[in-house]
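Here is my input, please return the structure:
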Amino acid sequence: MMSNAGCWKQQLAALAIATSFLAGCATVGSEPRIAIVCPPVVEYSREFQRRAAEEVGLLPDGSAIAEMLSDYSVMREQGRSCQR
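Numbers count the residues shown, from 1 in each chain. Okay, the predicted model is just below:
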């Protein structure tokens with residue numbers, strides 16, 4: 001029985017050459033692209049902000065709503081800085 005090791009070596013060499021040629025044709029890098037998406041920041045009129053401040057002032061001390069609004073203001077600032 002004859003050995004077919006020579007055939008395998010030729011096929012492996014051809015595969016390696018074809019792979020290197022195809023890799024040279026790649027138009028995209030292997031690094032994943034990261035898209036930065038900034039959330040929209042709604043602009044409120046001065047009058048609306050004044051009304052909101054008055055309403056927040058009427059809330060009891062330690063109000064959960066006041067704490068949530070504080071978190072919201074941080075998120076709005078992060079959104080603004082992302083858009084710059």
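
how about the helices in the protein?
Ranges of helices in the chain, per DSSP state H, are 5-24, 46-57, 64-83.

Of these, which is nearest I34?
Taking C-beta to C-beta, helix 64-83 is the member of those nearest to I34, at 13.4 Å. The C-beta positions use only the backbone N, C-alpha and C, and glycine is treated the same way.

what's the angle between the closest one and helix 46-57?
140 degrees (axes from the mean of the first three to the mean of the last three C-alpha atoms, to 10 degrees).

Let's see stretch 37-54 as CSV, backbone CA atoms only.
Written as CSV, here are the backbone C-alpha positions of stretch 37-54 (Å, rounded to 0.1, in the frame of the first residue of the first chain):
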residue,chain,number,x,y,z
VAL,A,37,-25.0,56.4,21.2
CYS,A,38,-25.9,59.5,23.3
PRO,A,39,-29.4,59.6,24.7
PRO,A,40,-31.4,62.7,23.8
VAL,A,41,-31.6,65.4,26.5
VAL,A,42,-35.0,67.1,26.6
GLU,A,43,-34.8,70.8,27.1
TYR,A,44,-37.3,72.4,29.5
SER,A,45,-38.4,76.0,29.5
ARG,A,46,-37.5,78.3,32.4
GLU,A,47,-41.2,78.5,33.4
PHE,A,48,-41.5,74.7,33.4
GLN,A,49,-38.3,74.4,35.5
ARG,A,50,-39.6,77.0,38.0
ARG,A,51,-42.9,75.1,38.3
ALA,A,52,-41.0,71.8,38.9
ALA,A,53,-38.8,73.4,41.5
GLU,A,54,-41.9,74.7,43.4
